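1. Sequence and predicted structure, then a few things I'm wondering about:
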Amino acid sequence: MATPPVGAHINGRDPLAEAAEVEADCIQLFLSSPQGWEKPSDRDDAEELEASPVGIYVHAPYLINVCSPKPNVRYGSRKILTQTCEAAAAVGALAVIVHPGHAEDGIEEGVGRWTRTLEMLESEVPVYLENTAGGDHAVARRFDALALLWQAVEAADTKTEIGFCFDTCHAHAAGEDLSDAVERARAITGSIDLMHVNDSRDPPGTGADRHANIGKGTMDLDVLRAMVQAAAAPSVVETPREPDDLRADVEFVRAALAA
């Protein structure tokens, strides 16, 4: 069986050149500011990206929070998520990855808002929900909350394909037992469609989402390698972007998958 593709989150100014520089099979990028509400602009290289054999994943802006009890935040989040999906389709993206968000009025209330969001969302590309690192009332930090979220996902009457993205640093930050985290997540979601393979600058359970290059953080390399192997999924490293370090991170994941 062929080894799944391995890639990196890149700046996105010249995506295909950046992919070649770090020897990536696939790439992940933002199509608009990760901290803004702006609609993604049309890209001059859209046709080139769509025709390229390099797989493209699009990460949605961090501010998206469709779980919010605040109508202006929720409606704005749904709007920019839809716009991001439309822009992702224009570059031939494989999927859009989005953080599920948090709800100040409780996790159960928040996950219910995902049902309505998915019923409203129309996307030509799959949308992957990602486990998150921390935050009060986060709907996908701990796996018990992830299970509630996935019940809402499965209950939604939606035509959009929904998948799951597992982030190793986020599971570490959430304080989950990593020895069987991949298997437990897959039992909840049915599949691991994409791995974000990241080391962490911080100890486990802190809720701190601060990625480190692989081997330069606090995570056990043998555990990290075992997680990659257990997932056996397309993988993207979201580590600091000095090219030599990023290339080494890509190679670590590729070697783990090939072992």
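-> Cool, got the structure.
2. all strands of the stretch 1-150 of the chain, in order?
-> Applying DSSP state E, counting those that start in this stretch to the stretch 1-150 of the chain gives strands spanning 6-9, 26-29, 55-59, 95-98, 127-130.
3. Run through the residues that contact residue 186.
-> Applying Cβ atoms under 8 Å, 6 or more residues apart in numbering to residue 186 gives the contacts 192, 231. The C-beta positions use only the backbone N, C-alpha and C, and glycine is treated the same way.
4. just the helices in this protein please.
-> For the chain, helices defined by DSSP state H occupy the ranges 15-21, 46-51, 71-90, 107-120, 143-155, 168-174, 181-189, 221-231, 243-258.
5. Highest mean neighbour count out of these?
-> Ranked by mean neighbour count, the helices of the chain are led by helix 168-174 with a mean of 27 (mean count of other Cβ atoms under 10 Å).
6. roughly how far out does that one sit from the chain middle?
-> Helix 168-174 sits 12 Å away from the centroid of its parent chain (Cα atoms, centre = their mean, to the nearest Å).
7. helices and strands around that helix, which ones?
-> The helices and strands touching helix 168-174, judged by 3 or more Cβ pairs under 8 Å, 6 or more residues apart in numbering; DSSP states H and E, are strand 194-196, strand 199-200.
8. could you dump those to a markdown table with mean pLDDT and mean neighbour count?
-> Formatted as a markdown table, those follow (pLDDT from 0 to 100; neighbours: other Cβ atoms under 10 Å):
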| stretch | mean pLDDT | mean neighbour count |
| --- | --- | --- |
| strand 194-196 | 98 | 25 |
| strand 199-200 | 98 | 24 |
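9. quick one, which of those is nearest to residue 157?
-> strand 194-196 (24.5 Å; Cβ to Cβ).
10. Now do the closest one: which elements does it pack against?
-> If contacts are counted by 3+ Cβ pairs under 8 Å, 6+ apart, strand 194-196 sits against strand 95-98, strand 162-167, helix 168-174, helix 221-231, strand 235-237.
11. could you dump those to a markdown table with distance to residue 257?
-> Shown next, in a markdown table, are the helices and strands packed on strand 194-196 (distance: least, Cβ to Cβ, whole Å):
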| stretch | distance to residue 257 |
| --- | --- |
| strand 95-98 | 19 |
| strand 162-167 | 14 |
| helix 168-174 | 14 |
| helix 221-231 | 6 |
| strand 235-237 | 7 |
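12. Using JSON lines, lay out these together with distance to residue 132 and mean pLDDT.
-> Output for the helices and strands packed on strand 194-196, formatted as JSON lines (distance: least, Cβ to Cβ, whole Å; pLDDT from 0 to 100):
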{"stretch": "strand 95-98", "distance to residue 132": "10", "mean pLDDT": "98"}
{"stretch": "strand 162-167", "distance to residue 132": "8", "mean pLDDT": "98"}
{"stretch": "helix 168-174", "distance to residue 132": "6", "mean pLDDT": "96"}
{"stretch": "helix 221-231", "distance to residue 132": "17", "mean pLDDT": "98"}
{"stretch": "strand 235-237", "distance to residue 132": "16", "mean pLDDT": "98"}
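13. Nearest to residue 41, out of the ones you listed?
-> Closest among those, using Cβ to Cβ: strand 95-98, at 16.4 Å.
14. neighbouring contacts of the closest one?
-> By Cβ under 8 Å, 6+ apart, the residues outside strand 95-98 that reach it are 28, 57-60, 64, 81, 84-85, 88, 123, 125-130, 163, 165, 193-194, 196.
15. Strand partners (parallel or antiparallel) of that strand?
-> Applying DSSP bridges to the sheet, strand 95-98 is found paired with strand 55-59 (parallel), strand 127-130 (parallel).
16. That strand: which residues count as buried?
-> 95-98 (16 or more other Cβ atoms under 10 Å).
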